[in-house]
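Visitor: I would like to see how this sequence folds:
(one chain, ligands or ions: 2)
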Amino acid sequence: MFQFPDKMLKVFKDEDIQAKFEQDGYVILPFYNQKEVNHLTSLYRELHPKNEQGFFPSTFSQDKNYRQRADEEIRKACQRSAEKFLCDYKMVCGAFIVKNPSPESGMCVHQDMSLIDESRFTGINIWATLTDLNVKNGTIFVLKGSHRLFPTYRGSTIPEFFQDVSEDIVDYLEPVIIKAGEAVFFDQSIIHYSPPNFSDDIRIVTNTYFTHKDAEYRTYYYNDEHPGQVEAFEQSDEFMTNFEQFGENIHDRPKVGKSLGLIDYDFPRISNEYLKNNFEKTNARELLEKARPSIGLETMQVAIKPSVIDKIKSFFTS
Ligand SMILES: O=C(O)CCC(=O)C(=O)O
Ligand SMILES: [Fe+2]
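Guide: Numbers count the residues shown, from 1 in each chain. Ligands and ions are numbered 1, 2, ... in the order given. Model (predicted):
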């Protein structure tokens, strides 16, 4: 088990932005200019695999060239704004995350997998949109402040502390409504949800992962042969771009990285009562209901609980 640091190592130049990020677990900032939006949109159209369907992050592609070109070009495009807003950071991985219109294009309520030692560092996504976002075309929803509820080790094999209430969490979420070029910077440990894209157009965002310059990559693995413990692995900075187990063998023990041994973990769990006592209700459920097409509702159930597909399809997800 670990404790969060009392004070996060500073990565935002501006004190107010840093404080807001620490408090809420996310902050919205203007990020790409029109030229950068146009460049990345063309790049996506040039590079992406033609058979892509539903929810599709480039880090999921079997095509290493696509993954690497996307990574390089997105990180380059991020440089201007990253230099403006950030200090003492390293930008580790850039990716496209696309939602083609489909009831299957959502991503369940989740936290992203741990990628660093969170007793010292914070892993942050710059989730920047190339199109205007709204509830219908699949923007994300966040549970404000949930990044600091419990220190967690997260990975596809590790039970989530909110697994008994993932359906109830929807009543407390807030949508992130941002315009093309804007970004939400969010702590990877914040609880978030990404509903399906019910619009007629493709939704393209870039996601760039960064952390403090001194942080090293860590991933965690649970196996019931060791109850009450998780195994930590040291990984290289290229882990996200190169990891090949995001497909069907995501639940296997990692085949890359160096084992750092077993760590005690108390596997926290929360109840609906806990949510009621700690969060204010929002109108998220109503917004989500309204965004669904009015016909065929039974087949358009908003997938909130993780399915096996959800578990294997995301790259930033545990
Ligand atoms: O792009 C999205 O809508 C959310 C993706 C996400 O949360 C993830 O890949 O972990
Ligand atoms: Fe995520």
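
Visitor: now do the lengthiest helix in the chain: everything it contacts.
Guide: For the chain, the helix that runs over the most residues, judged by DSSP state H, is helix 64-85. The contact list for helix 64-85, computed with Cβ atoms under 8 Å, 6 or more residues apart in numbering, reads 12-14, 17, 29-33, 36, 39-40, 43-44, 47-49, 58-59, 61, 89, 91, 93-96, 126, 128, 183, 206, 208, 210, 241-242. (Each C-beta comes from the backbone N, C-alpha and C, glycine too.)

Visitor: could I have the buried ones of these as PyMOL selection syntax?
Guide: With 16 or more other Cβ atoms under 10 Å as the criterion, this PyMOL line picks the buried residues out of the contacts of helix 64-85:
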select buried, resi 12+14+17+29+31+32+36+39+40+43+44+47+48+58+59+61+89+91+93+94+95+96+126+128+183+206+208+210+241+242
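
Visitor: so where's the stretch 1-150 of the chain shaky on pLDDT?
Guide: Across the stretch 1-150 of the chain, nothing is flagged by pLDDT under 70.

Visitor: how many residues are close by residue 199?
Guide: Using other Cβ atoms under 10 Å, the number of residues around residue 199 comes to 17.

Visitor: in the stretch 101-250 of the chain, which residue sits nearest ligand 1?
Guide: residue 194 (3.3 Å; Cβ to the nearest ligand atom).

Visitor: correction: the stretch 1-150 of the chain
Guide: residue 97 (3.8 Å).

Visitor: element containing that residue?
Guide: Element membership for residue 97, per DSSP states H and E: strand 89-99.

Visitor: can you check residue 39 too?
Guide: Per DSSP H and E: helix 34-47 holds residue 39.

Visitor: can I get that helix as CSV, trimmed to CA atoms?
Guide: The C-alpha coordinates for helix 34-47 follow below in CSV (Å, rounded to 0.1, in the frame of the first residue of the first chain):
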residue,chain,number,x,y,z
GLN,A,34,-6.5,25.9,-36.0
LYS,A,35,-3.4,24.9,-38.0
GLU,A,36,-2.6,22.1,-35.6
VAL,A,37,-6.2,20.9,-35.6
ASN,A,38,-6.1,20.8,-39.5
HIS,A,39,-2.7,19.1,-39.6
LEU,A,40,-3.7,16.3,-37.1
THR,A,41,-7.0,15.8,-38.8
SER,A,42,-5.3,15.3,-42.2
LEU,A,43,-2.7,13.1,-40.5
TYR,A,44,-5.4,10.9,-39.1
ARG,A,45,-7.1,10.6,-42.4
GLU,A,46,-3.8,9.7,-44.1
LEU,A,47,-2.7,7.1,-41.6
